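> Kindly generate the corresponding structure for this input.
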Amino acid sequence: MRIFYAVPTLFLLAAVCAASADQGAQAARIAELEAEWSARYGERDLDGIMALMAEKSVLIVPGAPPIEGVDAIREATRAMLEGTDEVSWQSDFAFVSSAGDMAYDYGKATTRRGDGSVVEGYYLVVWVKENGEWKVAADMFN
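Below you'll find the model as predicted:
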């Protein structure tokens with residue numbers, strides 16, 4: 001009788017471990033995407049940046065109302081890229097939902113202004129799966 005209960009329990013534990021390992025791999029992927037995004041920003045690669053955006057995405061920047069949709073985000077990003085500031089960031093933590101279709105990460109951002117000053121802040125990004133790929137659903141920074 002004990003084997004009757006032990007076998008399903010072992011399958012359940014194996015499934016939980018596999019799901020947990022996949023969540024860890026997906027969280028690592030989110031951190032990689034953040035590094036790619038930061039590099040694209042440094043290269044002022046507007047098309048590369050926009051390739052990371054979800055169909056329905058929102059950008060929340062300090063002192064402005066939310067910027068909704070890829071067309072509006074493209075224009076806002078274009079304006080930011082035309083400035084003299086150099087911005088880079090790195091993920092400190094990423095979490096992937098147990099369903100594997102939504103994630104978030106946050107980290108530290110550094111802005112080097114045209115006048116030589118440096119401003120440090122933080123960001124939070126929500127990611128969703130679209131057609132099997134991680135895309136940015138919401139981006140907020142301070």
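> For the chain, just list every one of the helices.
Per DSSP state H, the chain carries helices over the ranges 2-42, 46-50, 70-82.
> Pairing partners for the closest residue to Val125 other than its chain neighbours in the sheet, please.
What sits nearest to Val125 in space, not counting adjacent residues and going by C-beta to C-beta, 6 or more residues apart in numbering, is Asp139, at 5.1 Å. All C-beta atoms are positioned from the backbone trio N, CA, C, and that covers glycine. Partner residues in beta bridges with Asp139: Leu59, Val125, with DSSP bridges as the criterion.
> Same question for Asp105.
Under DSSP bridges, the residues paired with Asp105 across the bridge are Ala94, Val125.
> which ones are touching the residue nearest the centre of the chain?
The residue at the geometric middle of the chain, judged as the C-alpha nearest the mean C-alpha position with C-alpha atoms, centre = their mean, is Val125 (4.6 Å). Val125 is in contact with 34, 104-106, 136, 138-140, counting by C-beta atoms under 8 Å, 6 or more residues apart in numbering.
> how about the residues you listed in CSV, adding distance to Val87?
Supplementary listing: the contacts of Val125 in CSV, determined by distance: C-beta to C-beta, whole Å:
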residue, distance to Val87
Glu34, 13
Tyr104, 20
Asp105, 17
Tyr106, 16
Val136, 15
Ala138, 18
Asp139, 12
Met140, 14
